[in-house]
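In: sequence plus the predicted model coming up.
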Amino acid sequence: MKSKIRPRDLGQLVAFERQRTKVIYLSIFLCVLLYFGGVLSGNNGILKYYRLNKIKDSLISEIKNKEIENKKLRAQINSLKEDPFYIEKHAREEFGLAKPDEYIFKFQSNER
């Protein structure tokens, strides 16, 4: 049921139209605000997108670091399998081994 307002003069009509315009603009503003609030913080919002993008970048960086580490380990494994100089060096440094006619001297530091 629509009620017709019959203003008595032009002043009331102008005031009514201004009030109606304010209500319309406020409604539109609230709808836009709710929409952008949902876009920004919703389940598939922009903020979540940026968070996930940051996580993706850190994981890509971690993968690259692991790939570099894997290449170094593969090279070390290959050297241990095939390079006699590297095998000897590794045996001397890691296990303290020496050739039959060699002596190993270990020095202790005086730091306390």
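Out: Cool, got the structure. Since the structure is predicted, the reported quantities are computational estimates derived from the model, not experimental observations. Residues are numbered from 1 along each chain as shown.

In: helix, strand or coil for E111?
Out: Following DSSP: H, G, I helix; E, B strand; the rest coil, the label given to E111 is coil.

In: any idea of the pLDDT on it?
Out: E111 is assigned a pLDDT of 74 by the prediction.

In: and it, how far is that from Y86?
Out: 32 Å (CB to CB, to the nearest Å). C-beta coordinates here come from the backbone N, C-alpha and C atoms, glycine included.

In: looking at those two, which is more packed in?
Out: Y86 (15 against 4; other CB atoms under 10 Å).

In: pretty sure the more buried one sits against L80.
Out: Yes: using CB atoms under 8 Å, Y86 is in contact with L80, at 6.5 Å.

In: which stretch of helix or strand covers L40?
Out: Using DSSP states H and E, L40 sits in helix 10-41.

In: which other helices and strands does the longest helix seen in the chain contact?
Out: Counting residues, the longest helix found in the chain (DSSP state H) is helix 46-82. Counting contacts by 3 or more CB pairs under 8 Å, 6 or more residues apart in numbering; DSSP states H and E, helix 46-82 is packed against helix 10-41, helix 84-95.

In: so where's this protein shaky on pLDDT?
Out: Within the chain, the stretches falling below the threshold (pLDDT under 70) are 1-8, 42, 112.

In: circling back: and the angle from the longest helix of the chain to helix 84-95?
Out: Angle, helix 46-82 to helix 84-95, by axes from the mean of the first three to the mean of the last three CA atoms, to 10 degrees: 110 degrees.

In: helix 46-82: how far from the chain's middle?
Out: 15 Å (CA atoms, centre = their mean, to the nearest Å).

In: swap in stretch 99-108?
Out: 51 Å.

In: tabulate the CA atom coordinates of it in PDB.
Out: Taking C-alpha atoms only, stretch 99-108 is exported to PDB below (Å, rounded to 0.1, in the frame of the first residue of the first chain):
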ATOM      1  CA  LYS A  99      98.200 -43.900   4.400                       C
ATOM      2  CA  PRO A 100     100.400 -46.600   5.900                       C
ATOM      3  CA  ASP A 101     103.500 -44.400   6.100                       C
ATOM      4  CA  GLU A 102     101.700 -41.200   7.300                       C
ATOM      5  CA  TYR A 103     101.200 -39.700  10.700                       C
ATOM      6  CA  ILE A 104      98.200 -37.500  11.700                       C
ATOM      7  CA  PHE A 105      98.800 -34.600  14.000                       C
ATOM      8  CA  LYS A 106      95.800 -33.000  15.700                       C
ATOM      9  CA  PHE A 107      96.300 -29.700  17.500                       C
ATOM     10  CA  GLN A 108      94.100 -28.500  20.300                       C
END
